[in-house]
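Visitor: A structural model of the following input is requested.
(2 chains)
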Number of protein chains: 2
Amino acid sequence: MSVCINTNAQNVHPIAFATKGDIEFIKTHIKTNPLLKESYDDIKKSVDEWVDKDVDVPFPKDPAGGYTHDKHKANYTLMFNSGMMYQLTNDVRYAKLVKQIFLKYAALNPILKNHPQATSSSPGRIFWQALNDANWLVYAGLAFDCIHDYLTPQERKQITDGAFKPEVDFFTVDLKSWFNLIHNHAVWACAGVGIVGIATDNKDYVDMALYGANKDKKAGFIAHLDGLFSPDGYYTEGPYYVRYALLPLYTFANSLNNAKPELKIFQYRNSILKKALGGAMQQTNLNGGFFSYNDALKEKTFVSNEIVNAINIACQVYGSNMAYLSVAKAQGRVTLSRGGASIAKQLLTTKNIPSFYPYKTIEFADGAKGDKGGVSVLRSGKDKNLTTLIYKYTSHGLSHGHYDKLNINLYDNGNEILEDYGAVRYINIEQKWGGRYLKETNSYAQQTIAHNTIVVDEKSHYGAKENVSENHNAFKFFGEINDSIKVVCAKDTTANSNTALQRSIYMLSLNNSTKPIIVDFFRAISPTLHQYDLPFHYLGTFISSNFKYNSYLKNQGVLGATNGYQHLWKEADADKLPQLSQVTLLNNGTFYTISSATDDSTKVFFARVGADDPNFNLRHDPAFIYRKKGTNQFFFNIIEPHGNFDAVAEVSTNAYSSINKMEVLLNNEKYSVISFYHKERKITIAQSNNDNRKEILHSININDKLIEWKGPYTIIFK
Amino acid sequence: MSVCINTNAQNVHPIAFATKGDIEFIKTHIKTNPLLKESYDDIKKSVDEWVDKDVDVPFPKDPAGGYTHDKHKANYTLMFNSGMMYQLTNDVRYAKLVKQIFLKYAALNPILKNHPQATSSSPGRIFWQALNDANWLVYAGLAFDCIHDYLTPQERKQITDGAFKPEVDFFTVDLKSWFNLIHNHAVWACAGVGIVGIATDNKDYVDMALYGANKDKKAGFIAHLDGLFSPDGYYTEGPYYVRYALLPLYTFANSLNNAKPELKIFQYRNSILKKALGGAMQQTNLNGGFFSYNDALKEKTFVSNEIVNAINIACQVYGSNMAYLSVAKAQGRVTLSRGGASIAKQLLTTKNIPSFYPYKTIEFADGAKGDKGGVSVLRSGKDKNLTTLIYKYTSHGLSHGHYDKLNINLYDNGNEILEDYGAVRYINIEQKWGGRYLKETNSYAQQTIAHNTIVVDEKSHYGAKENVSENHNAFKFFGEINDSIKVVCAKDTTANSNTALQRSIYMLSLNNSTKPIIVDFFRAISPTLHQYDLPFHYLGTFISSNFKYNSYLKNQGVLGATNGYQHLWKEADADKLPQLSQVTLLNNGTFYTISSATDDSTKVFFARVGADDPNFNLRHDPAFIYRKKGTNQFFFNIIEPHGNFDAVAEVSTNAYSSINKMEVLLNNEKYSVISFYHKERKITIAQSNNDNRKEILHSININDKLIEWKGPYTIIFK
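Guide: Model prediction:
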């Protein structure tokens, strides 16, 4: 591959992270802008500790969290930062520091075999997994670019051949099929190879990065922009992973924009990178925490480096706006880039930057063509009083997807109320299996029972087989969004053999002064007998139920043997439920009642995560689970935030539910009709189950009363 | 009793909450001070909603959280606030509102019997417990005082005889023995009767309030100031309850200071009320949360009304200072009082008010004479990096005490790390048994096993009998506090039959850049065989242990049958422990390792609160418990905060303990000597167990090496 090098056009360096012009712009602003100066000082201080010192480049040994892992991670950050310091100060000691480290890698990398802690099918060499080696390539490439002109041609060759080529060859030859995947790991790999290509003036590397190891456009960066996102910017792995992908996506795109402006990469596919960032931001909670569906760690927020970098570049290439600035304000730091300098200035001079991102109700289609289901984010309320209901009817979401068709999650006032467990992982804590995904991710968190959706016969959707699940998706059947009513009805016909699922979510704002209620009806449709479990995984304190239950006081066992059930302790259960079952919770000062139409054949289990957990990896979160048996079954629930409890003032208001008399008036192939009372007000909802056309007239007779409406549903307030 | 009324000197009203002069002062400042104006506007708005409206005074029926309870509570607040609005605006509609409500109470109160929900030995009439009736008296008294001059003599008599007299008679005759207790409830009762006395010019009431129902000085407010506090201001019920007592204490004292300045009540007993407030503030966590020992609810902080009121009055009578202002700043609101107006102004004009109260290492003696043991609050670090170890060797603490002799708790960085469970109660949430203390308070939270101290033979201290426990206390044996070393050694000889306990806590700052370590040695001394359990109740995530254990994966049972053990699930256990056992936890980004000298006869249990809990009242907090059996036993533990985990940046540093080679070199009646390594540094501690004199020379031979020192202990760093 190296035969091409000499034919390459030489770039003017630096060009990968910042151009000469950018550097001058940043230098000017550092002098006058305290926030930029602070970010600069932080970085300078961290680098100055190492100037003129010998930096260890250890032989790889440890998993994540261990010394060699953390050292190599620290090294690539140091190399990049020191490279930037060289550019911003012209002090050659910084360039020398980078060179010295590079020369050690040039000696080390050619002799590396697969990492001794490698466990995955894509092993790393410097690190336990190739993904981390790709991280190294990205930052090392940026660092090389910074000191390119400081190095002699001989030194450049030594580093290019010794430090970079073994890694690039490893990726594009040994791990070729991994490099050519459409997947977030491969995004990093392409960005790494591409940035090294730009930094070392290697067209061959850049072409492989853009178009795949075979340069056939079936893989590579452009294929990622085409294949990883739906037309409206939804990333199929979900918000936790789009965050991670945005770092190589934006960083490499920025390098390309400098080195190959003719690509117009930021405008590619109707500015898909802009949509990707906006979509990621809309999929956060008030504190910037990414929605926790799929494999997600809940601590992760948009103040992370990845989003600082993306917002800073986006402000530069797409123009600044209050939405970006609201995030930048929460981040409180900027990158040493033209965009970062610009944002630092705007944060000082712009008045009334909002405290929260401009969250709105939004729906994303999934799939490159937007035809693989999607996710609806229904919102009501403002600022810290925001209520957010997430309804997920997507495709699988690559290797980090869960078996959670028609799952819902609820956030309210910035708190997670009905939760998705996320993933079981303590990232970068070595004691927890080197910071890797723990086995309970698969045995519990990904299983259907860990979600707020129906489990048929205690089996996860698609038998928890990724190679089956990835071929299917749920789909939206009808929907409507307006100020007072937000409706989404979706169906799934593939997750369970012999059973179809249909769930309708109605978020209703009954008046302006209170929170919305969420009416949830969930149909399980099957010609044969099944057991249906519908869990509510909640966060908060159990306050009361309106039915009696039997508690396991001195001994408790598990809810089931497998498919995630083995991780749930059975704390209590009840059968022969009343016609209306209510459970009230308290979470951070707000009450939540879940009211359910039940009967004497419905069972309920109170469960708690944490069984079969020898390493104490699981959180002990509670859930209750309604169980019905039969052929077709109907779950009708209302989720109702209400009232307030102020623990300091010792005052509780509206501590009781306003919902009563829930009735299922009709449920068949053609129609579902329910009614309930909110205080004294009767509300009836009728929907068509098999015709989603807006112009069709429906007419049915319920208890000798005629209900007529046009379109897929109607809501009658009395 | 009413025969005295006509002989009373008439006060100039208002005088109870504020004088005429105060009112003018407040009026002036409302115009110019936005914070005072805000507090004023909030109150005015809440009152304006009711002006010219008919306010319900329902016949008492419900427990706490129910309608009639909350309504009467709202009524007394409204009456006081409306009375103040009358004073501040001269608008008679406010006075009329108060009068109308009073007239309803004047009709209601004479016909009341004990409340139908009364369950305690001090039943209420308007409310389920007399304590709440006392609250009513305090606020109604203040309200009456505000509208005193608006009322006709006839109206005054009607209200005095109808609304007040039945309540005062009920307290001082029917509940005389309760009224005459030295207890926080009686503080409220005295304040209520006394304030009504001042408001209605009834000397008899004031005298009973000051000196007890028999006016013999064995009870009443002065006896409370003498008996409830130690000489340094420690309140025997603990910080959660001193908060509550400070409202009637400061409010009544303020009224007395206006009406009977010759009492010099704020200077009484070396300004005991000032010490009480300062002691309460020192017993808070960084967020102002009161330490959770004894019956405490963890949500309660110093932004509560009680402390706003106390700080505002204290600033007025004792003079303002940065400590008070730091609390006032966190409170963000003031009372409509001279002190409140003054603070509001200072908050605007004072620069550099600290973000945290000036926390320091402090020791409180317990008991009116300071001879009933005490509590040591050992602190290290600054601002948000504060580490606080609480070591409790007090007397029982009246009816809200726990059986927790020699208990420790740890807070760090504002987080609770080794916890006291507090009380089991959802105050004012009606669904949770009317907001009362739940039975698990007694069956679990008060029991010894719920604490971080030794349980002998699975029995709680004093057999969990309050009438036994209240006759005893632990005591400090020796101690020393300086910048680098803080040592407290205390003993208990009464909590367990046939077994004495001695615990020494050494908080050592090994260098300036890291957190202190806490060396804990705990001797159980008995001539006969016993089982000793030492729990560590922690908050956080279990990260790792250095020993193997057996997990109960599919079934779990309880740790024991009674004395709180029945509420602990047994999640895992191990026996034959190594010589050094280590458990590492993670709490909000800091690691904590507890290292313990163990051996192959030591057992450990991993437990979790939540068994035998049919109403889901308990939090599911984790613990691990070391168990040793024998005659004399020695528990040697080191609690070590270390390192950092940043979940957003995905970086962990110093995730492993620096402690190793813990050895017990000697433990007998005369001496305990231990050694351990912190990294490469050997540290040896020798202490005298039976001689606490500072001037005595000790000399012992350990492994052929002579250790000589003067005083009760020595620490040798190598």
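Visitor: Got the confidence number for A:Met1?
Guide: pLDDT for A:Met1: 37.
Visitor: And A:Asn184, by the same measure?
Guide: For A:Asn184, the predicted pLDDT is 87.
Visitor: Could you do A:Lys465 as well?
Guide: According to the prediction, A:Lys465 has pLDDT 97.
Visitor: Next one: it from A:His472, what distance?
Guide: 11 Å (CB to CB, to the nearest Å). Any C-beta I mention is one placed from the backbone N, CA and C, and that applies to glycine too.
Visitor: Those two: who's more crowded?
Guide: A:His472 (18 against 11; other CB atoms under 10 Å in any protein chain shown).
Visitor: Show the contacting residues for A:Pro578.
Guide: A:Asn546, A:Phe547, A:Thr598 (CB atoms under 8 Å, 6 or more residues apart in numbering or on different chains).
Visitor: Excluding sequence neighbours, find me the nearest residue to A:Gln447.
Guide: A:Gly564 (3.1 Å; CB to CB, 6 or more residues apart in numbering or on different chains).
Visitor: who's in contact with the one you found?
Guide: A:Ser443, A:Tyr444, A:Gln447, A:Thr448, A:Ile449, A:Ala450, A:Ser460.
Visitor: circling back: mark which of the contacts of A:Pro578 are buried, thanks.
Guide: Neighbour-count burial (16 or more other CB atoms under 10 Å in any protein chain shown) applied to the contacts of A:Pro578 gives A:Phe547, A:Thr598.
Visitor: So which of the contacts of A:Pro578 is the closest to chain B?
Guide: The shortest approach to chain B among the contacts of A:Pro578 belongs to A:Asn546, at 10.0 Å (CB to the nearest CB).
Visitor: Okay, the closest one and A:Tyr268: tell me how far apart.
Guide: 56 Å.
Visitor: now swap in A:Tyr139 and tell me
Guide: From A:Tyr139 across to A:Tyr268, the span is 24 Å (CB to CB).
Visitor: tell me what the top helix by length along chain A is packed against?
Guide: Identified as the longest helix of chain A according to DSSP state H is helix A:67-89. Using 3 or more CB pairs under 8 Å, 6 or more residues apart in numbering or on different chains; DSSP states H and E as the contact test, the elements touching helix A:67-89 are helix A:20-32, helix A:34-48, helix A:92-108, helix A:130-147.
Visitor: Tell me which of those helices lies nearest to chain B.
Guide: Minimum separation from chain B across the helices and strands packed on helix A:67-89 (CB to the nearest CB) falls at helix A:130-147, 10.9 Å.
Visitor: from the chain's centre, how far out does that closest one sit?
Guide: 25 Å (CA atoms, centre = their mean, to the nearest Å).
Visitor: Output the very next helix or strand once past that helix as CSV - backbone C-alpha positions only.
Guide: Using DSSP states H and E, the helix or strand that follows helix A:130-147 in sequence is helix A:153-159. What follows is helix A:153-159, C-alpha atoms only, in CSV (Å, rounded to 0.1, in the frame of the first residue of the first chain):
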residue,chain,number,x,y,z
PRO,A,153,11.4,13.8,6.5
GLN,A,154,13.4,10.9,8.0
GLU,A,155,11.5,11.2,11.3
ARG,A,156,8.2,11.4,9.5
LYS,A,157,9.0,8.2,7.7
GLN,A,158,10.1,6.5,10.8
ILE,A,159,6.8,7.3,12.6
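Visitor: residues of the least confident helix or strand in chain A by mean pLDDT that come out buried?
Guide: Every helix and strand of chain A was ranked by mean pLDDT, DSSP states H and E. The lowest is strand A:651-653, at a mean of 85. Neighbour-count burial for strand A:651-653 flags A:Val651, A:Ser652 (criterion: 16+ other CB under 10 Å).
Visitor: Summarise which helices and strands that strand is packed against.
Guide: By 3+ CB pairs under 8 Å, 6+ apart, strand A:651-653 packs against strand A:644-646.
Visitor: Strand partners (parallel or antiparallel) of the strand it packs on?
Guide: strand A:651-653 (antiparallel) (DSSP bridges).
Visitor: Please list the outside residues in contact with the partner strand.
Guide: Taking contacts as CB under 8 Å, 6+ apart, the residues outside strand A:651-653 that touch it are A:Phe591, A:Gly643, A:Asn644, A:Phe645, A:Asp646, B:Gly65, B:Asp70, B:Asn428, B:Ile429, B:Glu430.
Visitor: In ChimeraX, how would I select just the buried ones from those residues?
Guide: Applying 16+ other CB under 10 Å to those leaves a buried subset, and the ChimeraX line that selects it is:
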select /A:591,643,645 /B:65,70,428,429,430
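Visitor: With distance to A:Ser652 and pLDDT as extra columns, can I get the contacts of strand A:651-653 in TSV?
Guide: TSV is the format used below for those (distance: CB to CB, whole Å; pLDDT from 0 to 100):
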residue	distance to A:Ser652	pLDDT
A:Phe591	8	97
A:Gly643	7	94
A:Asn644	7	93
A:Phe645	4	92
A:Asp646	8	88
B:Gly65	6	80
B:Asp70	8	91
B:Asn428	5	88
B:Ile429	5	92
B:Glu430	7	92
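Visitor: Pick out whichever of A:Tyr139 and A:Tyr268 has more residues nearby.
Guide: Taking other CB under 10 Å, A:Tyr139 and A:Tyr268 do not tie; A:Tyr139 has more neighbours (22 against 16).
Visitor: ok, the more buried one to A:Ser46 distance?
Guide: Where A:Ser46 is concerned, A:Tyr139 sits at a distance of 14 Å (CB to CB).
Visitor: Quick check, the residue in the stretch 601-718 of chain A closest to chain B?
Guide: For the stretch 601-718 of chain A, CB to the nearest CB, closest residue to chain B: A:Ala647, 3.4 Å.
Visitor: Near the nearest residue to that residue once chain neighbours are set aside, how many other residues are there?
Guide: Of all residues not flanking A:Ala647 in the chain, B:Glu299 sits nearest, at 3.4 Å (CB to CB, 6+ apart). Using other CB under 10 Å, B:Glu299 has 16 neighbouring residues.
Visitor: show me what contacts B:Glu299?
Guide: Going by CB under 8 Å, 6+ apart, B:Glu299 touches A:Ala647, A:Val648, B:Gly289.
Visitor: can you pick the most crowded of those?
Guide: Ranked by neighbour count (other CB under 10 Å), the contacts of B:Glu299 have B:Gly289 at the top, with 23 neighbours.
Visitor: confidence score at A:Asn6?
Guide: At A:Asn6, the pLDDT value in this model is 39.
Visitor: thinking again about what came up before, take the contacts of strand A:651-653 and lay them out in CSV including distance to B:Leu108.
Guide: Listed next are the contacts of strand A:651-653 as CSV, based on distance: CB to CB, whole Å:
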residue, distance to B:Leu108
A:Phe591, 31
A:Gly643, 28
A:Asn644, 29
A:Phe645, 28
A:Asp646, 28
B:Gly65, 21
B:Asp70, 17
B:Asn428, 22
B:Ile429, 26
B:Glu430, 22
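Visitor: Dump the C-alpha coordinates for stretch A:672-683 into PDB.
Guide: The C-alpha trace of stretch A:672-683 is given here as PDB (Å, rounded to 0.1, in the frame of the first residue of the first chain):
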ATOM      1  CA  SER A 672     -60.800  -1.100  20.700                       C
ATOM      2  CA  VAL A 673     -63.000   1.100  22.800                       C
ATOM      3  CA  ILE A 674     -62.200   2.100  26.400                       C
ATOM      4  CA  SER A 675     -63.600   4.600  28.900                       C
ATOM      5  CA  PHE A 676     -62.500   6.000  32.200                       C
ATOM      6  CA  TYR A 677     -63.200   8.900  34.600                       C
ATOM      7  CA  HIS A 678     -60.700  11.600  35.400                       C
ATOM      8  CA  LYS A 679     -62.300  13.000  38.600                       C
ATOM      9  CA  GLU A 680     -65.900  13.500  37.400                       C
ATOM     10  CA  ARG A 681     -65.100  13.700  33.800                       C
ATOM     11  CA  LYS A 682     -65.800  10.700  31.600                       C
ATOM     12  CA  ILE A 683     -63.400  10.100  28.700                       C
END
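Visitor: can you pull out the strands in the stretch 251-400 of chain A?
Guide: Here the stretch 251-400 of chain A has its strands, by DSSP state E, counting those that start in this stretch, at A:362-365, A:374-380, A:387-393.
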